[in-house]
Each structure stands twice: as C-alpha cells, then as structure tokens.
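Chemist: Sequence first, predicted model second:
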Amino acid sequence: MRHHDLVIIGAGSGNAVVDDSFADLDVAIVEERWFGGTCLNAGCIPSKMLAYTAHVARTVREAGAYDVDAELRAVRWREVRDRIFARLDAERDEGRTGREQQDSVTVYEGRARFTGPRTLRIDRVDGALDVSAGQIVVAAGGRPVVPGPVAAAGLPYETSDTVIRIDAPPRHLAILGGGYIAAELAEQDCRDRGLDYLVGMAGYGDVAYGWAMEDTAGFCKVLADPGTGRLLGAHLMGPQAPTLIQPLVLAATLGIDAITLAKSPYWIHPALTEVVENALLDLGL
C-alpha cells in the first residue's frame, strides 16, 4: 500500500492548499473530474464570462438610448461557449500538468472513499488502488442533486455543471433552486435569449430620509416583466435593507404587480421606504 504524508481529495480549492511550504512532503491529490474545481469549470468564472457577453449584447440592443445606431443580429452561442471553454479548459489542463510535473506531488484520477482510519481506496479506470496518509484533507466540494420525481419520470434536464456547455440555449427553461447559482443562470438565460425585462433604480440620496442619513451609496433596484408588470427580482444595498425589501417580497409572494404596488398604497413621507417606491416608478410602467 502506497503511503503519503498528505492526501487531498479534490483538486479545486484543495489544490490551492499546496504551495512551496509542502515541498518536503510526499503529497497526493485525488480528483475524479476537473482540476480547478467547480469555480473554473462550471461555476463563477464561466458564468461571469457568459454574463459579460450577455451584457455586451444587451448594450448593443439598447444603443439607441444613447443616440447610437446599432443592431443586434445574433448571439452566436456555440462560438461564445467554445471561446470561453477553450480558455478555461486550457487553464484546467495546465494546472493538472503543472502538478504532475512536481516531484513531490502524485496525482490520482479517480474517486476516493475511506476504507479505514487514514486509509483510502481510489476507484480508477484501470483498477482500484489503496493508499494511506499521515493526514487527509477532504475538499470534494458539492454537486447538484436531481429531484427524485424528475429522474424517475425520465424528464430531460440539465444541471448547473452541464447547462453552460450545451450546444444551444433552450427556448424554455425552468430552474429548480433559488441559490446564487440558480439566480445567475436565470439572469444569463434571460439576457442571452433577447427576453427583455424592465429595470427600475433609485438611490437613498434621492429621498428626504436619505438626505438626513447623508447616504449617497445605498440603492434599490427592481426588475419587472414589461408586459405584465410582474416583479422578477430586486436588489437592495444600504442601511435597513432587510426591512426595505419586505414589501417587495410580499408583492412577489402574493402576485402583486409592480404598478399596483407603486401606486395603490400610500407611501409614507418622509421615510426611507420611498426609495422602494421610486425604484418601482422608475420602471416606467
């Protein structure tokens, strides 16, 4: 049985642990999928590159607002995808090659599981391998979970790991989950497919209560469907943000559209809630 001073399960953030201070140790890294982890291969880096491309497309589409004549003819999805992952896949491969070339580091490709105290079995394509270590770091990360009814019904689906590499963006997409990954994928999907929405913005400094607070940084941003006025999302940053967002949460929960919320209730003056009112009115519905 091969023994190492240190075994790290996962080559994402776990790979970043190993620096020059480990040069005198016999280190092993076990990875079953990607060097670089979710962030490089299916997470925050490709998602930001996709989102920025979508922002560029939106800027072209809305150039008329700045007296610039421009026309958005198409977003070439496959070329966008290939451009992004040609770079990121090269980074991933370079990271792996760099580790494999270090004399003090052994890279195992496979899935590791504990078989005893500080003992692992690595299931590899060419057979299982047992190793032991003085220390073991578990940095395996997470993975999407497909709900049982979806899998059992045989419905077509993608996960956050696979959807950003598909050949064409779907015409319709339902996203299960409301975390940051789901929100970011939803925003990219809306922008990439010319689906439009309205944005309303207001700053704390635009209302009297904000003047009293001398706050020039806080803001409220709301997003709504241009046809129905349905609230799609909101951002609030500044003092009392958890309280100020509550009427928007209630409206979204109860199905109250943005124009009804903006014009039906009496918004107290002077009060900081006016920043929410102003953001709703800024939608122009």
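Modeler: Okay, I see it. Small disclaimer: the values here were computed from a predicted structure and weren't measured.
Chemist: Wait, residue 32 touches residue 110, no?
Modeler: Yes - at 5.8 Å, residue 32 counts as touching residue 110 under the criterion of CB atoms under 8 Å. Where you see a C-beta, it was placed from the backbone N, CA and C, and this is true even at glycine.
Chemist: Help me confirm that residue 167 comes into contact with residue 80.
Modeler: No - using CB under 8 Å, residue 167 makes no contact with residue 80, being 11.8 Å away.
Chemist: quick one, which of these two is more surrounded?
Modeler: Taking other CB atoms under 10 Å, residue 167 and residue 80 do not tie; residue 80 has more neighbours (17 against 7).
Chemist: Which phi and psi values does the nearest residue to that one once chain neighbours are set aside adopt?
Modeler: Take residue 80 and drop its neighbours on the chain: the residue closest to it by CB to CB, 6 or more residues apart in numbering is residue 53, 5.4 Å away. Taking degrees, to the nearest 10, you get phi -60, psi -40 for the backbone angles of residue 53.
Chemist: do residue 221 as well
Modeler: Per degrees, to the nearest 10, the backbone of residue 221 is at phi -130, psi 130.
Chemist: Give me the neighbour count for it.
Modeler: The local packing of residue 221 (other CB under 10 Å) involves 16 other residues.
Chemist: surely it meets residue 203?
Modeler: No - between residue 221 and residue 203 there is no contact under CB under 8 Å: 10.0 Å.
Chemist: I'd assumed residue 280 was in a strand, is it?
Modeler: No - judged by DSSP: H, G, I helix; E, B strand; the rest coil, residue 280 forms no part of a strand; its state is helix.
Chemist: Quick check: the gap between it and residue 182.
Modeler: 24 Å (CB to CB, to the nearest Å).
Chemist: Please apply the same query to residue 91.
Modeler: Applying CB to CB to residue 91 and residue 182 gives a distance of 25 Å.
Chemist: what's the helix or strand containing residue 276 packed up against?
Modeler: Per DSSP states H and E: residue 276 is located in helix 274-281. When contacts are defined as 3 or more CB pairs under 8 Å, 6 or more residues apart in numbering; DSSP states H and E, helix 274-281 packs onto strand 198-203, helix 208-213, strand 219-224, helix 258-263.
Chemist: Could you grab the helix/strand/coil label for residue 227?
Modeler: Under three-state DSSP, residue 227 comes out as coil.
Chemist: Please apply the same query to residue 24.
Modeler: Three-state assignment for residue 24 (three-state DSSP): coil.
Chemist: which residues sit in contact with it?
Modeler: For residue 24, the contacting residues are residue 104, by CB atoms under 8 Å, 6 or more residues apart in numbering.
Chemist: Need phi/psi at it.
Modeler: Dihedral pair for residue 24: phi -90, psi 0, per degrees, to the nearest 10.
Chemist: Mind pulling up the pLDDT for it?
Modeler: Model confidence at residue 24, given as pLDDT, is 95.
Chemist: and what of the one 3 residues further on?
Modeler: pLDDT, residue 27: 97.
Chemist: Counting neighbours, what do you get for the nearest residue to residue 43 once chain neighbours are set aside?
Modeler: Spatial nearest neighbour of residue 43, chain neighbours left out: residue 181 (7.2 Å); criterion: CB to CB, 6+ apart. Residue 181: 19 surrounding residues under other CB under 10 Å.
Chemist: Helices of this protein, residue ranges please.
Modeler: 37-41, 44-61, 77-100, 148-152, 180-192, 208-213, 241-244, 246-254, 258-263, 274-281 (DSSP state H).
Chemist: quick one, which of the ones you listed is nearest to residue 131?
Modeler: helix 77-100 (16.4 Å; CB to CB).
Chemist: ok so, going back, would you mind measuring from the residue nearest to residue 80 to residue 128?
Modeler: Look at residue 53 and residue 128: by CB to CB, they are 43 Å apart.
Chemist: out of those two, which sits in the busier spot?
Modeler: residue 53 (20 against 12).
Chemist: shouldn't the more buried one be in contact with residue 75?
Modeler: Yes - counting by CB under 8 Å, residue 75 is a contact partner of residue 53 at 7.3 Å.
Chemist: Other residues contacting stretch 249-259?
Modeler: Defining contact as CB under 8 Å, 6+ apart, one finds that stretch 249-259 is touched by 200, 222, 224, 228, 229, 230, 231, 234, 261, 280, 283, 285.
Chemist: repeat for stretch 7-15
Modeler: Outside stretch 7-15, the residues that touch it by CB under 8 Å, 6+ apart are 17-18, 27-31, 34-40, 95-96, 99, 107, 112, 120, 131, 133, 135-141.
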